[in-house]
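Chemist: Structure, please.
(2 chains)
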2 protein chains.
Amino acid sequence: MDKQQVQNWLEKRKKRRKDRSVAALFTDLTAGNRETLSTCITLVESTLPEDKKMANELIQMCLPFSGNTIRIGITGVPGVGKSTFIEAFGKVLVNKGMKVAILTIDPSSASSGGSILGDKTRMEELSVLESVFIRPSAAGTTLGGVARKTRESIFICEAAGFDIVLIETVGVGQSETMVHSMVDFFLLLMLAGAGDELQGIKRGIMEMADALVITKADGDNLQKAQLASQQYANALHLFPPKPSDWVAPSFTCSALNNDNIEAVWNTIDSFANKTKINGWFAKHRKIQDTYWLTETLKELILNAFFTDEEMLQNLKGMEAKVADGELSSFLAADHLYAIFEEKLKKND
Amino acid sequence: MDKQQVQNWLEKRKKRRKDRSVAALFTDLTAGNRETLSTCITLVESTLPEDKKMANELIQMCLPFSGNTIRIGITGVPGVGKSTFIEAFGKVLVNKGMKVAILTIDPSSASSGGSILGDKTRMEELSVLESVFIRPSAAGTTLGGVARKTRESIFICEAAGFDIVLIETVGVGQSETMVHSMVDFFLLLMLAGAGDELQGIKRGIMEMADALVITKADGDNLQKAQLASQQYANALHLFPPKPSDWVAPSFTCSALNNDNIEAVWNTIDSFANKTKINGWFAKHRKIQDTYWLTETLKELILNAFFTDEEMLQNLKGMEAKVADGELSSFLAADHLYAIFEEKLKKND
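Modeler: Coordinates of the predicted model:
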C-alpha cells in the first residue's frame, strides 16, 4: 500500500469504529447491517482498552435480545465431518426460516494467534447464504481469552437477529468444557468403529453431551454406524440423570445423503421446549452467566499483574532465582506479590 | 473436653508451634524428629497468615536437602490396587535402606474438606515401619490449594531425611496433571482387560506416564495382563519422544506374589541415572519450580479478592444482577474490579 492507500484505510477504519458511538453501532447492528456485525465482533476481539470499554457497553445493550435464541455447541475430533455436518444442518435451519450464526473456538488459535481452519472456505454453500454468518475463531494468547471473546460475540450475533448460534470446536483438549459453559445444547459428533481412545474423546465429554450423533452413516458404513449408535445409546442411559432432566439420545446421520439431519434439529427443538417448561433453560443460562462473571473477574485481576511490563520483568528475575535454587517458588511468589501490592497502592 | 482439657490442648499446641522459632523447628526436623515432621506439615497446611509466613521461611531452609531425592507420582483408577502396590513397593525400597514418605492428593478432599481414603489404615504393614511416613491428603477448598500444600510438604519430607517421596493420587479428574507437575517420575497403574474408557484413563495421562504397570498379574489374570502390557508397550512407542529422552516401558506386576515389584524400582533407578546424566532431571525440576512460582503467584493475586469478605459480598450482589439479566457478566466483572482496585489503593 502506498501512503494514500494507508491514509484511506486508516480513515475508513476510523469511520467504522472510533467515530461512531456505541448507540449508533447498536442501531445499525440491530437493523441487520452485516458490515456493522463484523465491525462489532472486531471491537469485541480488540485488546485496546477503549475498544474493550465500548464492547462492554455494546454487549450490555445487546442483553435483551438473547431471550429467543438457542445456542448450540458442536464438537467432534478432526475427521468426524464437522463442517460437512454443519453445512447440511445449517441449510435445514435456513430452510425453516431461521438465521444462523456460526462461531468457532479453535484451541490452536490460542498458540498460533489465529484460526488455521479457514472455516469460510470449508462451508462453501452455507457461507454465501444471506441468513448465515460465519466467523472463524478469535485470535488470543489463552484459550480462556479466546473463549471470552466468543461468548461476547454470541450476544452481538443475537442482537443482530440470529436465531441460532452454533459454536464449533475441535474435540480435543479443554475447549469442549469452554464451549459447554456457553451453550444451551451440546452436540457430540462421533465416528462409528473408532474406539473412544482413538477418537481422543474423553469420558467427561460424553457426559456433557445432550445428543450424540454418529456421522457418515451411509454406504458400507451404515450398519456399523447403527450398531455404534445403539451401543452409545445404552451407555448414555447409564449416566446419572442430568439437572436438565433430559436423557441424551444417540442416532446416526449422513450429511452426504441428507439423512436424519432434520432429526438433529427436532431433538434440539424438543430439548428447548422441554427445558423451557421445566425451567432448566433459563436456570442454566443464569448459572452460565454467573460462572462467566467469576471467570471474567479472575481474568481482570490476573491481567493487572500479567500485562504489567514492570511486573513481568520482576517475575523474570525471580524465575532465575528460583531456577538457581536460591529461593523457593513460594517465597519468590510472596516477594513478587508484595512488590505488586505496593505498586497498586501507588497507582492513580 | 472440659475447660482444663481445652486449656491443656491449647498449651500443647502453643508449645508445638507458636513458641518455637522456625530455626528450632528446622533443627528438630533435620535431626529426624517424627513429631516435628508432623508439626511442620501441619504448619504448611495451616491457613493462618502467621503460619504461612513461618512455613515459607521453613521451606526456604529445606531447599538444599532436595538434591538427592526422587519424587515419584503414582496414579490409577480406584480398584487398580494402588495401596496394595504401594505397600509392596514401599517394602522393597525400605529393604534397600531407603526412607520413604507417602503423600496423597485426593481430589475429593477439596470438596469434602478432608481425605476419605484413610490411607494409614490401608497400608498396615508399611505404616508401622520406622523409615516410612504416611500423610493423607491435605484438606482444602480447591484442588490447586491441596496441590500447593502437598508440594510444600515434599520439601519438608526431604529435609527430614526421606530419600523417596511418593505422591499418590486417584486416576480421575485433574489431579494427575497436578501430581505430574511436582514429581520426577510418573507411574501409571492399570488393570488388564478393562478398556481405557472403563478405566476412565484419559489419553493425556498415558502420555504423561514414565512407566505403565499392569497390576494383579497373577493366577487366571496373568496371561491377560501380559497381553495388555505388550499392547500398551506398542502404543507407548507410538507417542512422540519425550524431552527426557526416556521411552516409557510397560510391564506387569503382582503385589500378591511380590512379582516384578523390584523391577519397578529398577526402572525408576535407570530413569534417574539416565536423566541425571543427560541433564533432564535437574532441568525438569527447574521447569517445575518456575511453573509453581507462577501458580503460587496467581493464587496470591486471586486470593486478595476471593478471601476478602467485603469483595465477596459485592460479588454476591453482582451475581444477582447478572442472573436477573440486569447486567452483563462482563460489565459486572468490570464494576467489581473497579471497586477492588479502589480498595487496594486505600489499604495500608
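Chemist: in its sheet, what does the helix or strand hosting A:Leu187 sit against?
Modeler: Element membership for A:Leu187, per DSSP states H and E: strand A:185-190. Its sheet considered, strand A:185-190 pairs with strand A:70-76 (parallel), strand A:211-214 (parallel) by DSSP bridges.
Chemist: okay, the ones you listed in TSV with mean neighbour count and mean pLDDT next?
Modeler: Every C-beta, even on glycine, is put in place using the N, C-alpha and C of the backbone. Below are those laid out as TSV (neighbours: other Cβ atoms under 10 Å in any protein chain shown; pLDDT from 0 to 100):
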stretch	mean neighbour count	mean pLDDT
strand A:70-76	25	94
strand A:211-214	26	94
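Chemist: Reformat those strands into JSON lines and put distance to B:Asp259 next to each item.
Modeler: Shown next, in JSON lines, are the strands paired with strand A:185-190 (distance: least, Cβ to Cβ, whole Å):
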{"stretch": "strand A:70-76", "distance to B:Asp259": "43"}
{"stretch": "strand A:211-214", "distance to B:Asp259": "42"}
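Chemist: which one of the ones you listed lies closest to B:Thr290?
Modeler: strand A:70-76 (33.1 Å; Cβ to Cβ).
Chemist: Tell me the first helix or strand C-terminal of that closest one.
Modeler: helix A:82-95.
Chemist: Which helix or strand in chain A has the lowest average pLDDT?
Modeler: helix A:196-199 (a mean of 46; mean pLDDT, DSSP states H and E).
Chemist: quick revisit: orientation of the strand holding A:Leu187 relative to helix A:82-95 in degrees?
Modeler: 140 degrees (axes from the mean of the first three to the mean of the last three Cα atoms, to 10 degrees).
Chemist: Just the CA atoms of strand A:185-190, as CSV, please.
Modeler: The C-alpha coordinates for strand A:185-190 follow below in CSV (Å, rounded to 0.1, in the frame of the first residue of the first chain):
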residue,chain,number,x,y,z
PHE,A,185,-27.3,-27.6,23.9
PHE,A,186,-24.1,-29.6,23.4
LEU,A,187,-23.9,-31.9,20.4
LEU,A,188,-21.2,-34.6,20.1
LEU,A,189,-20.4,-36.0,16.7
MET,A,190,-18.7,-39.4,16.6
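Chemist: Could I get the average pLDDT for that strand?
Modeler: Averaging pLDDT along strand A:185-190 yields 93.
Chemist: ok, now stretch A:263-276?
Modeler: Per-residue scores along stretch A:263-276 average to 97.
Chemist: hey, where'd the strands end up in chain A?
Modeler: Assigned by DSSP state E, chain A shows strands spanning A:70-76, A:100-105, A:132-135, A:164-170, A:185-190, A:211-214, A:250-252.
Chemist: so how far is B:Arg151 from A:Val322?
Modeler: With the distance defined as Cβ to Cβ, to the nearest Å, A:Val322 ends up 13 Å from B:Arg151.
Chemist: How about the contacts made by the residue nearest to A:Thr69 when sequence neighbours are not counted?
Modeler: Distances taken as Cβ to Cβ, 6 or more residues apart in numbering or on different chains place A:Glu158 nearest to A:Thr69, at 4.9 Å, with adjacent residues excluded. When contacts are counted by Cβ atoms under 8 Å, 6 or more residues apart in numbering or on different chains, A:Glu158 touches A:62, A:65-66, A:69, A:165.
Chemist: which one of these has the most neighbours?
Modeler: A:Val165 (27 neighbours; other Cβ atoms under 10 Å in any protein chain shown).
Chemist: and that one, what is it in contact with?
Modeler: A:69-72, A:100-103, A:154, A:157-158.
Chemist: Go again with 10 Å.
Modeler: Contacts for A:Val165 were tallied using Cβ atoms under 10 Å, 6 or more residues apart in numbering or on different chains; they are A:66, A:69-73, A:99-103, A:133, A:150, A:153-158, A:182-184.
Chemist: Then A:Phe26?
Modeler: Contacts of A:Phe26 by Cβ under 10 Å, 6+ apart are A:20, A:36, A:40, A:57-58, A:60-62, A:156, A:159.
Chemist: Go ahead and confirm A:Glu125 touches A:Glu87.
Modeler: Yes: at 5.9 Å, A:Glu125 and A:Glu87 qualify as touching, with contact defined as Cβ atoms under 10 Å.
Chemist: could you dump stretch A:125-134 to PDB, C-alpha only?
Modeler: C-alpha atoms of stretch A:125-134 as PDB (Å, rounded to 0.1, in the frame of the first residue of the first chain):
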ATOM      1  CA  GLU A 125     -22.700 -23.400   0.200                       C
ATOM      2  CA  LEU A 126     -23.600 -22.100   3.600                       C
ATOM      3  CA  SER A 127     -21.300 -19.100   3.600                       C
ATOM      4  CA  VAL A 128     -23.000 -17.400   0.600                       C
ATOM      5  CA  LEU A 129     -26.400 -17.500   2.200                       C
ATOM      6  CA  GLU A 130     -27.900 -14.200   3.300                       C
ATOM      7  CA  SER A 131     -29.200 -15.600   6.600                       C
ATOM      8  CA  VAL A 132     -25.900 -17.200   7.600                       C
ATOM      9  CA  PHE A 133     -22.900 -15.600   9.300                       C
ATOM     10  CA  ILE A 134     -19.700 -17.500   9.700                       C
END
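Chemist: Next, the buried residues of that stretch.
Modeler: A:126-127, A:131-134 (16 or more other Cβ atoms under 10 Å in any protein chain shown).
Chemist: Stretch A:274-293 now?
Modeler: A:275, A:280-281, A:284-285, A:288-290, A:292-293.
Chemist: now, which of the residues you listed lie close to chain B?
Modeler: For chain B, the contacts drawn from the buried residues of stretch A:274-293 by Cβ under 10 Å from any Cβ of the partner chain are A:285, A:288-290, A:292-293.
Chemist: Can you tell me which of the residues you listed is nearest A:Asn8?
Modeler: Nearest member of these to A:Asn8, counting by Cβ to Cβ, is A:Trp292, at 38.8 Å.
Chemist: so what's that closest one up against?
Modeler: A:147-148, A:151-152, A:181-182, B:322, B:328-330, B:332-333.
Chemist: mind running it again at 6 Å?
Modeler: B:Ser329 (Cβ atoms under 6 Å, 6 or more residues apart in numbering or on different chains).
Chemist: go on, A:Asp259?
Modeler: A:Asp259 touches A:Cys253, counting by Cβ under 6 Å, 6+ apart.
Chemist: Can you name the residues bridging to it?
Modeler: A:Ser254.
Chemist: separation between it and chain B?
Modeler: Using Cβ to the nearest Cβ, to the nearest Å, A:Asp259 is found at 27 Å from chain B.
Chemist: Within range of chain B, give me the residues from chain A.
Modeler: A:56, A:59-60, A:63, A:196-197, A:200, A:202-203, A:286, A:289-290, A:292-293, A:296-297, A:300-302, A:305, A:319, A:322-323, A:328-334, A:336-337, A:344-345 (Cβ under 6 Å from any Cβ of the partner chain).
Chemist: Please pick the buried ones from those.
Modeler: For these, buried by 16+ other Cβ under 10 Å: A:56, A:59-60, A:63, A:196-197, A:200, A:202-203, A:289-290, A:292-293, A:296-297, A:300-301, A:305, A:319, A:322-323, A:328-334, A:336-337, A:344.
Chemist: No further queries at this time; thank you.
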